[in-house]
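# Need the 3D shape of this:
(one chain, ligands or ions: 1)
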Amino acid sequence: MGRAETLPEIIQGGMGVAVSHWRLARSVAAAGGLGVISGVGPDLLLARMLQDGDPGGHVRRVLVGYPDQAFVEATLSRYLRPEGLEPGVPYRPIPKLDLHQRLDAVRLTALGTYAQVALAKEGHDGPVGMNLLEKVQIWTPPALLGAMIAEVDAVLVGAGVPSHLPRLMDGLARLEPVTLPVDVSGATSADDFSISLDPREVVPGLGGALRRPAFLAIVSAHVLATYLARSDDTRPDGFVIEGPTAGGHNAPPRRPETDDTGQVVYGPRDVVDLAKVAATGLPFWLAGGYGTPEQLEQARASGARGVQIGTVFALSAESGMRTELREQLLHSLADGTLDVRTDGRASPTGFPFKVVQQAGTIADPSVQVQRERICDLGYLRTPFRREDGTVGYRCPSEPEDAFVKKGGDPDETEGRLCLCNGLLSTAGHPQRRPASTGLTEEPPLLTLGQDLDGARRLQEMHPDGWSAADVLTWLSPALERR
Ligand SMILES: Cc1cc2nc3c(=O)[nH]c(=O)nc-3n(C[C@H](O)[C@H](O)[C@H](O)COP(=O)(O)O)c2cc1C
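Presented below is the predicted three-dimensional model:
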C-alpha cells in the first residue's frame, strides 16, 4: 500500500503564513481529517511567538523534546520575552536564509517547523501534514528536517513543480547530507546553483533514521501530474488537484486574460482532465470549491479519494487569522458583501492571488498609499545571477529603485503587495514601524477562496461561528453515503 493510501478523505489545506497553524491542524487531525500546518516562515513565526511571550508556554513545552537542547536554549535566550514586547517596540530581526545557508538560520527554520508539527500532533493519534511552496525553495530542506524530526505524516507542496522533493525526503529520512537544486533567474547552463544540508550538522543529537512522510504534489494541470508520476525520482505519493477558485495563490491561466475589472479569468483549457490524473494510479484529492457535502460526494464520484478544503477552515474558530479580522469577514459573509478577487498583480511571485477586498487591509487603496515599501522578510525574493556569476536577491514588492538597481523590470513592481508582511499581520504578528513611515503597524492582507457556498451554509447552521470539528461533522455523512 502506498504511503498516501491511509491519509484521510478530508485534508485541511495549508494556509500561510499561520492561518493554518498548530491549533487548527491539531483540531482537524483530532476530528478525523489531515490537519496541515503552513511551513512558510517557520523561523520568523517561532521568533515572534516567543517575543509575544509564548502565552500558555506551549512552544516551550514541546521544545523540550528537540534533540539539540543547546540550540533551544540559545533561541529562548535570544527571543523569549515572557511579558511580550512593549507597545510600539518592533520585533527583533532574524538571520536571513539565502543560498549560503547560515547555520543559525538553518537551525532556526528546522526548530520552527519542529515546534509547529509537535504542537499539532499533541494529544491525539490523527495525522498531521506540512505545506511548503516550491517558490520558497531556500527554506525547504531545513523545514522538512524539523517537521520530520517531529514525525510529520505528510508533506504537501504547491506553487511550482516539486520534482526534487521525493529524493530530498528519502535522503533526509536516512539522515544523509542532501542537495536541492535552486532556480536562479538568468542562470546559464554552466551554472549549478544548489543548497546543501547535513542533518547531523544542523541538529546535533539526532538518533536513528527518521520516518519518511507521504508526499502530495499540489498541481493544477493533468500534464504536470503525468510528468511527475513518470519517474521514480519525481513520483509523489499522491496529488492535490487545485482549481482556480481556491484561496491563496492560483496557477496562472493557460491563456492570460483579464476581465473588464482587471481580474484574472480562467477558461476551458484550465479544466483538469481527471481521468488522466487517475491514470497515474496515484490517489488524488480535489481542492478549490469542495467544502460542502455535495461537492465532496461529487469529488468522490469523479474518482478522487477526497478533498482539500481551505476557506471554511480559515473562517473557523481555530483559524490563525486575527479574531477581529475573521469576525469582519464573517460579517461581510452574512451581509453578502464579501468580495474576493483574483488579482494578477498583488503577489510578487507573478502568480494570481486571491485578495479579499476589505477596508483597513493592504487591499484598501487608502491604506496602500500610506505604506512605505519595504522588504525586510524576503521569503518571496527571487535569486538572480549577477553578471559576475554571483547571486543576488530581489522582489518586485520591494522599493522600486532597489528592484530596478538589481536589474529588475520596473513594470514588474506595479500593483505588487508585500505578502510577507501582510500575511504575518493577518496571523497576529505585525511588524511595528516608526510613525514617520506612515503606518505604525504593517496592515493585514486577507485571502479566501471564491466559492463561499460552504461558508454561507455553515454560517446558517452556526450563526455564532463554527469549529473545525463542526466542518468535519457536517461533511462526514457524505463519506459514509458512498
Ligand atoms: C487563507 C488561505 C491561505 C492559503 N495559503 C496557502 C498556502 O500557503 N499554500 C498552499 O499550498 N495553499 C494555500 N491556500 C489554499 C488551500 O490550501 C486550499 O487548497 C484551498 O483553499 C482550497 O480551496 P477552498 O478555499 O475553496 O476550500 C490558502 C487558502 C486560504 C483560504
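# The stretch 151-300 of the chain against the ligand: which residues are in contact?
Gly158, Ile218, Glu242, Thr245, Ala246, Gly247, Gly248, Ala287, Gly288, Gly289, Gly291 (C-beta under 6 Å from any ligand atom). C-beta here means a position set from N, CA and C on the backbone, and glycine is covered the same way.
# Quick check, pLDDT for the residue in the stretch 51-200 of the chain that the ligand sits nearest to.
Closest residue of the stretch 51-200 of the chain to the ligand, C-beta to the nearest ligand atom: Gly158 (3.7 Å). Note on Gly158: pLDDT of 91.
# Distance-wise, check it relative to Gly33.
18 Å (C-beta to C-beta, to the nearest Å).
# In terms of neighbours, single out the busier of the two.
More crowded of Gly158 and Gly33, by other C-beta atoms under 10 Å: Gly33, with 29 against 26.
# Any idea what the closest residue to that one other than its chain neighbours is bridged to?
Spatial nearest neighbour of Gly33, chain neighbours left out: Ile10 (4.1 Å); criterion: C-beta to C-beta, 6 or more residues apart in numbering. Under DSSP bridges, the beta-bridge partners of Ile10 are Val307.
# list the contacts for Leu452?
Going by C-beta atoms under 8 Å, 6 or more residues apart in numbering, Leu452 touches Thr311, Leu333, Leu338, Val340.
# From these, list just the buried residues.
Thr311, Leu333, Leu338, Val340 (16 or more other C-beta atoms under 10 Å).
# Restricted to strands, list those.
Using DSSP state E, the subset of those located in strands is Val340.
# which of the buried ones among the contacts of Leu452 come close to the ligand?
Counting by C-beta under 6 Å from any ligand atom, Thr311 from the buried ones among the contacts of Leu452 sit close to the ligand.
# Including distance to Leu103 and pLDDT, could the buried ones among the contacts of Leu452 go into a markdown table?
Compiled in a markdown table, these are given as follows (distance: C-beta to C-beta, whole Å; pLDDT from 0 to 100):
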| residue | distance to Leu103 | pLDDT |
| --- | --- | --- |
| Thr311 | 39 | 98 |
| Leu333 | 46 | 98 |
| Leu338 | 45 | 97 |
| Val340 | 41 | 97 |
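# right, and out of the buried ones among the contacts of Leu452, which lies closest to Ala209?
Closest to Ala209 out of these is Thr311 (38.0 Å), distances taken as C-beta to C-beta.
# For Pro399, grab the count of nearby residues.
14.
# so how far is the ligand from it?
Going from Pro399 to the ligand by C-beta to the nearest ligand atom, to the nearest Å gives 25 Å.
# Number the chain from 5, please
Understood, numbering begins at 5; the last thing we discussed is Pro403.
# Once you drop chain neighbours, what's closest to that residue?
Sequence neighbours aside, Arg377 is the residue nearest to Pro403 in space, at 4.5 Å (criterion: C-beta to C-beta, 6+ apart).
# close enough to count as contact, that neighbour and Asp405?
No. Using C-beta atoms under 8 Å, Arg377 is not in contact with Asp405; the gap is 9.6 Å.
# Comparing the two, which residue is more hemmed in?
A side-by-side neighbour count of Arg377 and Asp405, using other C-beta under 10 Å, places Arg377 first with 16 against 11.
# what about that one, helix or strand, and which?
If you go by DSSP states H and E, Arg377 is not part of any helix or strand.
# quick one: low-confidence parts of the stretch 205-354 of the chain?
Across the stretch 205-354 of the chain, nothing is flagged by pLDDT under 70.
# I'd like the secondary structure assignment at Ser200, please.
With DSSP: H, G, I helix; E, B strand; the rest coil as the basis, Ser200 sits in strand.
# ditto for Thr238
coil.
# tell me the contacts of it?
Per C-beta under 8 Å, 6+ apart, neighbours of Thr238: Ser167, His168, Pro170, Tyr231, Leu232.
# Please render the residues you listed as a markdown table that adds neighbour count and secondary structure to the earlier fields.
Formatted as a markdown table, the contacts of Thr238 follow (neighbours: other C-beta atoms under 10 Å; DSSP: H, G, I helix; E, B strand; the rest coil):
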| residue | neighbour count | secondary structure |
| --- | --- | --- |
| Ser167 | 18 | coil |
| His168 | 21 | coil |
| Pro170 | 21 | helix |
| Tyr231 | 15 | helix |
| Leu232 | 22 | helix |
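# now, which of the contacts of Leu456 sits nearest the ligand?
The closest of the contacts of Leu456, once distances to the ligand are taken by C-beta to the nearest ligand atom, is Thr315, at 3.5 Å.
# related to what we said a few turns ago, does the residue nearest to Gly37 touch Gly310 like I think?
Yes. Between Ile14 and Gly310 there is a contact at 5.7 Å, judged by C-beta under 8 Å.
# so what sits against both of the two?
Joint contacts of Ile14 and Gly310 (C-beta under 8 Å, 6+ apart) are Leu300, Leu483.
# out of those two, which sits in the more crowded spot?
Counted by other C-beta under 10 Å, Ile14 and Gly310 do not tie: Ile14 has more neighbours, with 26 against 23.
# Could you pull up the residues touching the more buried one?
Val32, Gly36, Gly37, Leu38, Leu300, Gly310, Val311, Ile313, Leu476, Leu479, Leu483.
# out of those, who's nearest Arg96?
Closest to Arg96 out of those is Val32 (31.9 Å), distances taken as C-beta to C-beta.
# Skipping its backbone neighbours, what lies nearest that closest one in space?
Residue nearest to Val32 in three dimensions, not counting chain neighbours: Gly39, with 3.6 Å by C-beta to C-beta, 6+ apart.
# burial measure for the one you found, as a count.
33.
# again, but for Leu452
26.
# Is it inside a helix or a strand, and which specific one?
According to DSSP H and E, Leu452 maps onto no helix or strand at all.
# swap in the one 3 residues further on?
Following DSSP H and E, one finds Asp455 outside all helices and strands.
# where along the stretch 5-154 of the chain do the strands fall?
Secondary structure of the stretch 5-154 of the chain by DSSP state E, counting those that start in this stretch: the strands cover 14-16, 39-42, 132-137.
# what's the closest non-adjacent residue to the residue of the stretch 55-204 of the chain closest to the ligand?
Using C-beta to C-beta, 6+ apart, the nearest residue to Gly162 is Ile222, at 3.2 Å.
# before we move on, back to that, and the residue of the stretch 55-204 of the chain closest to the ligand, how far is that from Ala33?
Distance, Gly162 to Ala33, using C-beta to C-beta: 20 Å.
# Next, the contact list for Ile41, please.
18, 24-26, 29, 117, 120-121, 124, 132-135.
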